[in-house]
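Asks: next input, structure requested:
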Amino acid sequence: MPTTYSDISPRVEGRAVADLLKRALPLLTIEKFAQTRVVPNNETKTQKFRRYNPLPLADTPLVEGVTPVGNTPSVMDVEAQLEQYGDFVTLTDVIMDTHEDPVFSEMRQVIAEQAAQTVEKVRFGYLKAGTNVFYANGAARNAVNTPLTLTLQRKVIRAFRRQNAMPFTSVLKSSVVQEAEAVEASYVGLVHPDCEFVIRGLTGFKHVKDYGTGPIWEGEIGAVESVRYVMSTVFESWPDAGGAVGSNITTANVASDVYPVIYLTANAFATIALRGQNAMSLIVKNPGSGGSTDPLNQRGTIGWKTMMTAVILQQLWMARAEVAIPELS
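Replies: Numbers count the residues shown, from 1 in each chain. Below is the predicted model:
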C-alpha cells in the first residue's frame, strides 16, 4: 500500500535504487554460477551463443605424399530471447497523511524482495527444464519415492566428468559491482531446504564451518565430496508427482512430492540482462504525477521492471536429480 511525497528528489531516488540492488542481490543465488551477459540498449532482444564443436582426433597415420581429406568445423548456436517482468504497488495520500510507519521505505523493501525472488524463480524455471535427468529410483518422475543418496550424486558427477564438464573455480561475489572470487574447485547442487537433513546425513558431509578459509555462499549447507550444496525456498518441489507416499513428504497425501536437485558445472548456463547494472529499475510515481488521471493527487505507485532471461548452454554440463524426502518423525 502507500506513502506519499509531493516529489522525490534525485538524491532520494538514487538512494532508493541503491537500496533495491543491495537488498535484492544477496537473494540471487543462481546468478553466482552463471555466465553473465548484457544486451545493450537499442539493439536486439535476442542473444546468441555460439560453440565450435571439437574436431575428431586425427589418429590415423598420414600416407607419404598423400594429402588427407581434412575436416570441416561445425558450430552450434544457442539463442535466448529477453522477456520483461515487473510489478508495482499503489500509494495513496491518505496512507501518507495518517500512517505512523515509514511506508515508502517499507514498500521499497517489499518491492526489492519481490523483484529478487521473481528473477530467481524465473531462472530456476529454465534450469529445472534441463533434459539431463537422473531419478532416485525408477525411470520416470511418477515412480520417485526414495531420497538422494551418495551413489546418485556420484552417478551425476561421473557423467559430468565423462563430458569433460569442469568444476567451478570462481563465482560471482554478492555485491552490486559484479566481480569474481576464487573458490576451491567444486560442483554445485541447488536444493530446497526440505532436502537439508538428507544431505547432512550423507556419508562424508562437511559443514561450512569446517571449510577453513574461503568464501561461504548465502544459503550454503555444506559439501559432500566434490559438490557444494546451496538451498533456497525458490527451488520448489513438484507436489504429489512421485511414487507411493510411504513416510515421504506429500502435499495432499496422494503421492510423494518430488524435489529437483540441480547440479551445475562451470559454463553450463547463462543469464542475460538488458543494460547491465541498470537491468533492474525502481520506478516511483508520487501522488500528483498522474496529471488528469489523478485530479485530486490521491494516487502514486512504486514498482520495479527488468528485462532478462536465462539459457542452458550445454545440457550435459548440468543435471537434474529427482528425489523424494522423508518426513521428520
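
Asks: next structured bit after the strand or helix carrying D77?
Replies: Assessed by DSSP states H and E, D77 sits inside strand 75-81. Counting by DSSP H and E, the next helix or strand C-terminal to strand 75-81 is strand 83-92.

Asks: quick one: list the elements packing against that next one.
Replies: Judged by 3 or more Cβ pairs under 8 Å, 6 or more residues apart in numbering; DSSP states H and E, strand 83-92 is in contact with helix 103-127, strand 299-312. Glycine gets a C-beta too; all of them are placed from N, C-alpha and C.

Asks: and the angle for the strand holding D77 with helix 103-127?
Replies: In terms of direction (axes from the mean of the first three to the mean of the last three Cα atoms, to 10 degrees), strand 75-81 departs from helix 103-127 by 150 degrees.

Asks: next, the buried residues of strand 75-81.
Replies: V78, A80 (16 or more other Cβ atoms under 10 Å).

Asks: and it, what does it pack against?
Replies: strand 46-52, strand 299-312.

Asks: how about the secondary structure of the residue of the chain positioned farthest from its centre?
Replies: Relative to the centre of the chain, and counting by Cα atoms, centre = their mean, the farthest-placed residue is G65 at 55.8 Å. Secondary structure, DSSP: H, G, I helix; E, B strand; the rest coil: G65 is coil.

Asks: could you pull up phi and psi at it?
Replies: Recorded main-chain torsions at G65 are phi 80, psi 0, according to degrees, to the nearest 10.

Asks: pLDDT averaged over stretch 61-75 - what is it?
Replies: Stretch 61-75 shows a mean pLDDT of 88.

Asks: how about stretch 275-295?
Replies: According to the model, stretch 275-295 has a mean pLDDT of 75.

Asks: likewise stretch 80-93?
Replies: Across stretch 80-93, pLDDT averages out at 86.

Asks: flag every buried residue along it.
Replies: So for stretch 80-93, counting by 16+ other Cβ under 10 Å, buried means A80, L82, G86, F88, V89, T90, L91, T92, D93.

Asks: picking up where we left off before, the strand holding D77 vs strand 46-52, what angle?
Replies: 160 degrees.

Asks: now strand 75-81: how far from the chain's centre is it?
Replies: In terms of Cα atoms, centre = their mean, to the nearest Å, the gap separating the centre of strand 75-81 from the centre of its chain is 20 Å.

Asks: what does that strand contact?
Replies: For strand 75-81, contacts defined as Cβ atoms under 8 Å, 6 or more residues apart in numbering pick out 45-53, 270, 272, 309-313.

Asks: still on that earlier bit, same list (the helices and strands packed on strand 75-81) but as a markdown table, adding distance to S292.
Replies: Shown next, in a markdown table, are the helices and strands packed on strand 75-81 (distance: least, Cβ to Cβ, whole Å):
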| stretch | distance to S292 |
| --- | --- |
| strand 46-52 | 39 |
| strand 299-312 | 13 |
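
Asks: just say which of the ones you listed is most tucked in.
Replies: Each of those was given a mean neighbour count from mean count of other Cβ atoms under 10 Å, and the largest, a mean of 20, is that of strand 299-312.

Asks: so which elements touch that one?
Replies: Strand 299-312 sits against strand 46-52, strand 75-81, strand 83-92, helix 103-127, strand 269-274, strand 280-285, with contacts defined as 3+ Cβ pairs under 8 Å, 6+ apart.
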